[in-house]
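Asker: missing the sequence, but the structure's below:
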């Protein structure tokens with residue numbers, strides 16, 4: 001069965017109803033003290049994506065890869081070299097030198113300047129640019145994909161803090177309720193209507209409620225520490241969940257869009273292009289390299305002949321490696337890397353499909369789960385209130401009242417966690433579709449690089465990418 005089969009308008013209406021309900025629930029935060037400026041989920045995600053050290057590591061890696069590409073401009077420009085030396089030299093060449101200049105030590109100096117330009121290299125330079133441009137694209141796609149993951153981590157941390165704040169509020173309410181019951185039990189014990197053992201049972205339940213509060217407060221502090229590690233600062237002010245628009249209506253549409261937009265798939269596709277250009281680079285070694293050279297020499301007392309000498313030259317030379325062992329294996333290895341890269345791309349597509357399916361199943365399961373838990377919670381509260389009334393009337397035992405309160409407390413705990421999971425699922429769907437950062441208004445995850453280097457190089461020529469401006473990393 002495919003994700004989303006059997007879905008219709010009724011399910012969509014249920015989604016809308018549940019989203020409104022959970023926004024009303026999760027939008028309330030227990031805060032004490034003076035009012036503090038609210039921190040929206042958008043602000044938290046933006047801070048995580050742009051300021052987190054992990055994001056800066058990825059950004060620096062992408063920029064370094066781009067600069068490596070720009071450095072290839074040297075292969076398309078002439079190389080100019082200059083050399084000079086001076087010293088004393090001994091010559092003994094009677095066939096060439098006169099007796100006066102032969103078999104003697106003389107001071108001499110010489111200098112050379114030469115410019116060389118590769119006219120043809122079997123298209124090696126162009127394919128190296130295309131390959132490295134595809135590598136930059138892959139790095140940028142990986143950066144954007146990591147930013148989506150970081151954005152989702154920020155969303156998860158934000159919702160988790162909000163969830164624990166609500167759990168703390170409910171735990172405090174639970175302690176207050178048990179103290180109220182314990183106080184009433186003490187009055188009834190003093191009045192002789194209950195045995196003294198009931199007082200001990202009530203006090204024991206108060207201690208259990210307080211212990212649960214301590215544990216939840218500890219979990220809240222842990223969630224706040226994780227939030228600070230991801231976002232870059234501690235949570236502050238009231239927190240609330242924002243509405244998520246444009247969610248897919250069916251699992252099929254969700255999966256198709258996830259695969260089409262997947263940044264990991266696009267990165268793997270760029271890896272395939274790198275491997276293909278790598279084959280062309282390998283094949284270029286079988287063609288000749290033609291180089292043009294111009295230069296000039298100047299010398300004093302050169303080769304034992306007194307006086308100054310000057311010469312200049314311009315020439316075109318060719319170098320062709322006609323035979324070299326291992327070429328066939330080298331080419332086959334390069335082609336195998338294409339097979340490897342294509343398999344990695346297929347693997348990325350399968351992973352994306354699996355992630356989309358599991359996310360969609362969790363999303364729909366949480367819709368039904370929260371509806372059922374809401375009903376269970378309402379029934380538990382009514383039962384607890386009824387039990388207390390009957391306890392006052394003497395028709396219910398204290399143990400039944402305390403158990404009913406515990407049932408309501410556990411149901412409330414589970415309901416809050418389910419609502420938080422359902423809220424997280426909304427944003428997880430956006431992340432699987434590689435549009436979570438975009439949802440929060442973060443264009444290209446805050447990076448100055450666009451994954452279009454290979455396309456520009458192929459369309460406009462390999463030299464076109466060298467004009468790319470890469471601003472400094474702040």
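Answerer: Sure thing, it's come through. Owing to the predicted nature of the structure, the values given are computational and were not obtained by experimental measurement.
Asker: going forward, measure contacts and count neighbours with C-alpha atoms only.
Answerer: Fine.
Asker: ok so residue 184 is a helix residue?
Answerer: Yes - the assignment for residue 184 is a helix, going by DSSP: H, G, I helix; E, B strand; the rest coil.
Asker: how does the protein divide into domains?
Answerer: According to automatic domain parsing, the chain comprises the domains 9-77+126-286+327-467, 78-120+288-320.
Asker: check the offset of the last one from the chain's centre.
Answerer: Put plainly, it is domain 78-120+288-320. Here domain 78-120+288-320 shows a centroid-to-chain-centroid distance of 57 Å under the convention CA atoms, centre = their mean, to the nearest Å.
Asker: one step back: now, of the domains of the chain, which is deepest in the fold?
Answerer: domain 9-77+126-286+327-467 (a mean of 19; mean count of other CA atoms under 10 Å).
Asker: starting at the chain centroid, how far to that domain?
Answerer: On the basis of CA atoms, centre = their mean, domain 9-77+126-286+327-467 sits 13 Å off its chain's mean C-alpha point.
Asker: for residue 473, give me the pLDDT.
Answerer: For residue 473, the model assigns a pLDDT of 69.
Asker: what sits up against the longest strand along the chain?
Answerer: Longest strand in the chain, counting residues (DSSP state E): strand 104-120. Strand 104-120 is contacted from outside by 76-92, 288-302, 304, using CA atoms under 8 Å, 6 or more residues apart in numbering.
Asker: over to stretch 156-170?
Answerer: Counting by CA under 8 Å, 6+ apart, 26, 29-30, 41, 44, 213, 216-217, 219-220, 223-224, 226-227, 230, 239-241, 409, 412-413, 416-417, 420, 423-424 sit against stretch 156-170.
Asker: returning to that earlier point: can I get the domains of the chain in JSON lines with mean pLDDT?
Answerer: JSON lines is the format used below for these (pLDDT from 0 to 100):
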{"stretch": "domain 9-77+126-286+327-467", "mean pLDDT": "89"}
{"stretch": "domain 78-120+288-320", "mean pLDDT": "92"}
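Asker: other SSEs contacting whichever strand or helix holds residue 356?
Answerer: Using DSSP states H and E, the element containing residue 356 is helix 327-392. If you count contacts as 3 or more CA pairs under 8 Å, 6 or more residues apart in numbering; DSSP states H and E, helix 327-392 packs onto helix 9-26, helix 251-261, helix 263-284, helix 398-432.
Asker: closest one to residue 357 among these?
Answerer: helix 251-261 (7.0 Å; CA to CA).
Asker: picking up where we left off before, among the contacts of strand 104-120, which lie within strands?
Answerer: Reading strands off those with DSSP E, I get 79-91, 289-300.
Asker: just give me the residue right at the centre of this structure.
Answerer: Central residue of the chain (CA atoms, centre = their mean): residue 146, 0.8 Å from the mean position.
Asker: for that one, what are its contacts?
Answerer: Contacts of residue 146 by CA under 8 Å, 6+ apart are 55, 58.
Asker: can we see that at 10 Å?
Answerer: By CA atoms under 10 Å, 6 or more residues apart in numbering, the residues touching residue 146 are 49, 54, 55, 58, 140, 152, 263, 264, 445.
Asker: then residue 133?
Answerer: By CA under 10 Å, 6+ apart, the contact list for residue 133 reads 65-66, 68-70, 127, 139, 270, 273-274, 451-458, 462, 465.
Asker: kindly report the same for residue 57.
Answerer: The contact partners of residue 57, by CA under 10 Å, 6+ apart, come to residue 143.
Asker: same deal with residue 383?
Answerer: 377, 389, 401, 404, 405, 407, 408.
Asker: tell me which of the residues you listed is nearest to residue 97?
Answerer: If you rank the contacts of residue 383 by distance to residue 97 using CA to CA, residue 377 comes first, at 112.1 Å.
Asker: rewinding a little: nearest to residue 469 among the contacts of residue 383?
Answerer: Distances from residue 469 to the contacts of residue 383, taken by CA to CA, are shortest for residue 377, at 59.0 Å.
Asker: got the contact list for the closest one?
Answerer: Here residue 377 is in contact with 371, 383, 407, 408, 409, 410, 411, 412, 413, 414, 415 (CA under 10 Å, 6+ apart).
Asker: 7 Å instead?
Answerer: Contact analysis of residue 377 by CA atoms under 7 Å, 6 or more residues apart in numbering lists 408, 411, 412.
Asker: could those go into JSON lines alongside distance to residue 132?
Answerer: Converted to JSON lines, these look like this (distance: CA to CA, whole Å):
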{"residue": "408", "distance to residue 132": "61"}
{"residue": "411", "distance to residue 132": "57"}
{"residue": "412", "distance to residue 132": "56"}
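Asker: looking at those residues, which is nearest residue 309?
Answerer: Closest approach to residue 309 among the contacts of residue 377 (CA to CA): residue 412, at 98.6 Å.
Asker: which residue comes closest to the closest one once chain neighbours are left out?
Answerer: residue 377 (6.3 Å; CA to CA, 6 or more residues apart in numbering).
Asker: now the one you found: how far from residue 387?
Answerer: Per CA to CA, to the nearest Å, residue 377 is found 15 Å from residue 387.
Asker: with residue 128 instead?
Answerer: Distance from residue 128 to residue 387, counting by CA to CA: 79 Å.
Asker: for residue 141, same thing?
Answerer: 60 Å.
Asker: three-state assignment of the residue of the chain positioned farthest from its centre?
Answerer: Note on the chain: the largest C-alpha distance from the chain mean falls to residue 99, namely 79.5 Å (CA atoms, centre = their mean). Recorded secondary structure, residue 99: coil (three-state DSSP).
Asker: in a strand, residue 464, correct?
Answerer: No - read with three-state DSSP, residue 464 is helix and lies in no strand.
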